[in-house]
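what would the 3D arrangement of this be:
(chains A, B, C and D)
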Number of protein chains: 4
Amino acid sequence: MNSPVGFIGTGRMGTPMIRNLIAAGFSVRVYNRTAARTLDAVAAGAAACTTPAQTVDADGIVLTMLADDAAVRATMLDQHGILNKLGPGGVHVSMSTIAPATAQELAKLHDQHGSKYVAAPVFGRPDAAAAKKLWVCTSGDAAAKSRVRPVLEALGQGVVDFGDHVESANVLKLCGNFMVAAATEAMAEAFSLMEKAGINKQAALELLCGGVFASPIYRNYGQSVVDVSHDPAKFLLRLGLKDLRLLREAADQYSTPMPLADLVFNRLQSGVAKGRGDMDWTGLALGARDDAGLNA
Amino acid sequence: MNSPVGFIGTGRMGTPMIRNLIAAGFSVRVYNRTAARTLDAVAAGAAACTTPAQTVDADGIVLTMLADDAAVRATMLDQHGILNKLGPGGVHVSMSTIAPATAQELAKLHDQHGSKYVAAPVFGRPDAAAAKKLWVCTSGDAAAKSRVRPVLEALGQGVVDFGDHVESANVLKLCGNFMVAAATEAMAEAFSLMEKAGINKQAALELLCGGVFASPIYRNYGQSVVDVSHDPAKFLLRLGLKDLRLLREAADQYSTPMPLADLVFNRLQSGVAKGRGDMDWTGLALGARDDAGLNA
Amino acid sequence: MNSPVGFIGTGRMGTPMIRNLIAAGFSVRVYNRTAARTLDAVAAGAAACTTPAQTVDADGIVLTMLADDAAVRATMLDQHGILNKLGPGGVHVSMSTIAPATAQELAKLHDQHGSKYVAAPVFGRPDAAAAKKLWVCTSGDAAAKSRVRPVLEALGQGVVDFGDHVESANVLKLCGNFMVAAATEAMAEAFSLMEKAGINKQAALELLCGGVFASPIYRNYGQSVVDVSHDPAKFLLRLGLKDLRLLREAADQYSTPMPLADLVFNRLQSGVAKGRGDMDWTGLALGARDDAGLNA
Amino acid sequence: MNSPVGFIGTGRMGTPMIRNLIAAGFSVRVYNRTAARTLDAVAAGAAACTTPAQTVDADGIVLTMLADDAAVRATMLDQHGILNKLGPGGVHVSMSTIAPATAQELAKLHDQHGSKYVAAPVFGRPDAAAAKKLWVCTSGDAAAKSRVRPVLEALGQGVVDFGDHVESANVLKLCGNFMVAAATEAMAEAFSLMEKAGINKQAALELLCGGVFASPIYRNYGQSVVDVSHDPAKFLLRLGLKDLRLLREAADQYSTPMPLADLVFNRLQSGVAKGRGDMDWTGLALGARDDAGLNA
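Residues are numbered from 1 along each chain as shown, chains lettered A, B, ... in the order given. Below you'll find the predicted structure:
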């Protein structure tokens, strides 16, 4: 039988992941800053805790799935945080999309306390989490990764490892999100031109996605772009801006100019400035339409 | 039995297309400015002609598959060109990737001579042409399109129509090539960052292309980017530059700012300036590497 | 005494230039497509002609100051154009802002007819033309430039020569306009940020223009940017777009990526798409404001 | 007689500023992390201290002129820093080019300790500092600014105030540096095109700077661009990168997309990646040359 696993962050991603852990036989203790948001997890069989530290035993495994770097840092370092609880043998599996530099900093703090930090960001939205279709990318200490692998395998369709550098999985995750935004911008520009040229956009989308662009991103995001439909949000535009901000910081850290990343960052930034922060992040496509005078 | 079809341009795309026409029962007369390049088509059963005009009867069908706008224009307008030959009932099916404005101009000239111009650019490389896997996009006069449809169906896996505006199919084709270049740039930036961050690029490519980017462009072009391998060329970088130049002209014609198109145009332009014009056009990815100091 | 000089194009630039020629003792024959626009020049002492060819003798000097490449080409090549009139010894001084490639093409046509083409675009607006403060840049045939120099010296404060390549002066003129647009964009972004940060923009402008940016462009254009005031137009935004289009074509001709030129071109293109084509071209600064949500 | 003033940071900017303070009758106590660098200031009449705190009395005035945000923060907060020394009545005049967000944070810390923080970044290089030609921009608490004004007036040709928001002067300073970098990029692109078109660049520079661009930046920086000469450095390229990084953070803080700032940031970032970090920051112009194949 599995020993209990801590899970901090019972939001739209965390809750279905917790259900999968329980379905796989794990006993799970959960914590969320807003306690009411743990109700669904508790209904699924999880035990609610009142501090992060309570979710995990001294040498246990705790997963965090939170909104941003500050939330992860607080969960580790606050008075009842996990850093002072874990100790030797303990492993913190950090699944949020955060900055590579933050991962490096937090891993070092764990090292100083005898515990281990494993980076394990995921690819997939809440529906993929529910369907156990996430992909999990890991990086960090080999022994710790080995120990937590059964937990991670219960969450999705595969675990792909990216080696010992703890920040690697975060860099990769940010690159993936950047590539999604870049594809959205490419479609935004192309479909704006097509609209102004009087072309049947739906037929064009079907042609392109029936051929060289036959992938979920182009099909699904492309449909939003063609329909100029960005509500309700599956992933908030302002969270997309946050991810691209982290990507730009990583690009700066590694001295890699990324002009396309800057372009999509500015689209998202402009979206927030225009009051579109709570739209779906495919709404970055509205920028190209604005420029072309299509939204007047 | 089918009446003879003219085919002008027996290059790497034209020759396999001619083979498919012959296999489908059409009799084909071919012309190429460099006559020796018709040998493969003749070996496949085509009849060689010494002028463009000879390839087609007065009310016949002639296809052109040529390198650029100037070549199509010359084939139509030169002394022994097809414009003065076709006359009422004749149809010119123009399959090259050319400017929308050129399509509009050439269609008007045909109208003045009683013949019709059908735009029919294709998606697919020489290997797709050989495998009869091309997608053909059409636009222009409805009756003319109806008449040539059996010919076009012999060339690929489908014909998709984009209405009466003769330039529409060309706009779409240019948008498709732009989107391919944009995807290449996105991968170029992402994999440059990953390389500098010490990440296993091959594993990253497989992860991304096993998920949301599971499409031929990301798999195949992505492999070239990961391997930094752009020879031998499947599609010349300098021809990619030509296509993006046409896309920029179309964007200007329809007052649609396309900053991402400008970015990839500049990558290709810089590639030519640095002596990379005869590489495969995935070589545009070298620009991001240059900027990051990776090619020093 | 000076022999008569032809002057084609009696617009806002041409008319004050004609006045200066007359003041300097030249006898001037003028032509304008819209004849009524020659009235001011005639009132100043010029003789009106009804065709371009009538303005100049067979071996004379004719100046053109027109809106675009097409107008210059028509003036040369139409039935009563100047090309068939000039002949050996005749000189066409082309002062409009046109494409370097057009200059090369027109110079070749003159060579074939025995006449000479001198490129002589000017720096300065109508008020500078009136005040005889223009700068004239020349390029082309040395002997022809030598002959027309007294005429050009009557128009401004100096003539600067750029050698034998006929297109050089045009490249330079386009670069100058590009640099003006680039300075406007820089100020547009900087003052948008300052406005959002609650900074006194007028004080900032005075500080910057009292120091390292103490030049007319930064003072005058900067004031328009600070005041968000772009009417009435001194130079139409859509003509600025035309100039940047020519600059992009020149950059393409010489394989020189110019991403900043693309940025300002897109600002102007977007301005036209949003209905701002008849504003002053400092209105390109509205693009940065739009992006920042300042015009909502 | 003036009471003593503290001055922390005796580098290439600080040392001539200290000389001017002494010449104006102030007695100055100096500190530098590397003590040997205080020798010139001491030779000019300053008194050397061994900690930041020693430079200033409990209610005195201390100026900091340091390399970056971290250095200013350390000088304030380290064990023998100035924050715990100043107390009510004390004023910290922070003259370094730092982030607006850092100014806000440090001002708040001073408020909590009863002392005041005045932002006072300067425009001008070491030669301008020596010639007492700096421009000083101030922002922050009105009474504190009033008290330190005589000190600041001894340093340059003028003090310009930007109000109560402590970060305003820093935003302005960063905007000024951005505008300089933008002008450099504009010239880099223009002169690259001219060089490829065979134009006399020196004549072109003189023409442009004799007219609408008649300002020190265009003359001096333009000469470096024309000569492709970026050594020895007057201002290090990697410090320019730092300033543009701060500008981008400010643009992000105020939701203002600045694509031209991103372009010059990437030029500088690429310069560092290519080993040009210790060149003069006009070396950002090499990026356009690289793209055009001019440095091969």
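
quick one: buried residues of stretch A:37-44?
A:37, A:38, A:40, A:41, A:44 (16 or more other Cβ atoms under 10 Å in any protein chain shown). For glycine as for every other residue, the C-beta is placed from the backbone atoms N, C-alpha and C.

any chance of those residues in JSON lines, plus distance to residue B:213, pLDDT and secondary structure?
Output for these, formatted as JSON lines (distance: Cβ to Cβ, whole Å; pLDDT from 0 to 100; DSSP: H, G, I helix; E, B strand; the rest coil):
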{"residue": "A:37", "distance to residue B:213": "32", "pLDDT": "95", "secondary structure": "helix"}
{"residue": "A:38", "distance to residue B:213": "35", "pLDDT": "96", "secondary structure": "helix"}
{"residue": "A:40", "distance to residue B:213": "31", "pLDDT": "96", "secondary structure": "helix"}
{"residue": "A:41", "distance to residue B:213": "32", "pLDDT": "97", "secondary structure": "helix"}
{"residue": "A:44", "distance to residue B:213": "32", "pLDDT": "96", "secondary structure": "coil"}
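
measure the spatially most central residue of chain A to residue A:61 for me?
Centroid check for chain A by Cα atoms, centre = their mean gives residue A:97 as the closest residue, at 4.4 Å. Distance from residue A:97 to residue A:61, counting by Cβ to Cβ, to the nearest Å: 20 Å.

what's the answer for residue A:207, then?
In terms of Cβ to Cβ, residue A:207 sits 48 Å off from residue A:61.

those two: which is more packed in?
residue A:61 (27 against 19; other Cβ atoms under 10 Å in any protein chain shown).

quick one: the strands in the stretch 51-200 of chain A, in order.
Listed in chain order, the strands found in the stretch 51-200 of chain A under DSSP state E, counting those that start in this stretch are A:61-64, A:91-94, A:116-119, A:122-123, A:134-140, A:156-161.

as a markdown table, those with mean pLDDT would be great.
Output for the strands of the stretch 51-200 of chain A, formatted as a markdown table (pLDDT from 0 to 100):
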| stretch | mean pLDDT |
| --- | --- |
| strand A:61-64 | 98 |
| strand A:91-94 | 98 |
| strand A:116-119 | 98 |
| strand A:122-123 | 94 |
| strand A:134-140 | 96 |
| strand A:156-161 | 94 |
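
now tabulate those strands in JSON lines and tack on distance to chain B.
Converted to JSON lines, the strands of the stretch 51-200 of chain A look like this (distance: least, Cβ to the nearest Cβ, whole Å):
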{"stretch": "strand A:61-64", "distance to chain B": "20"}
{"stretch": "strand A:91-94", "distance to chain B": "17"}
{"stretch": "strand A:116-119", "distance to chain B": "12"}
{"stretch": "strand A:122-123", "distance to chain B": "6"}
{"stretch": "strand A:134-140", "distance to chain B": "6"}
{"stretch": "strand A:156-161", "distance to chain B": "5"}
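
just tell me which of the ones you listed ends up closest to chain C.
Chain C sits nearest to strand A:122-123 of all the strands of the stretch 51-200 of chain A, at 30.3 Å, using Cβ to the nearest Cβ.

any idea how far residue A:240 is from the closest residue in space to residue A:236 that isn't next to it in sequence?
For residue A:236, ignoring the flanking residues on the chain, the nearest one in space by Cβ to Cβ, 6 or more residues apart in numbering or on different chains is residue A:278 at 6.0 Å. Counting by Cβ to Cβ, the gap from residue A:278 to residue A:240 is 12 Å.
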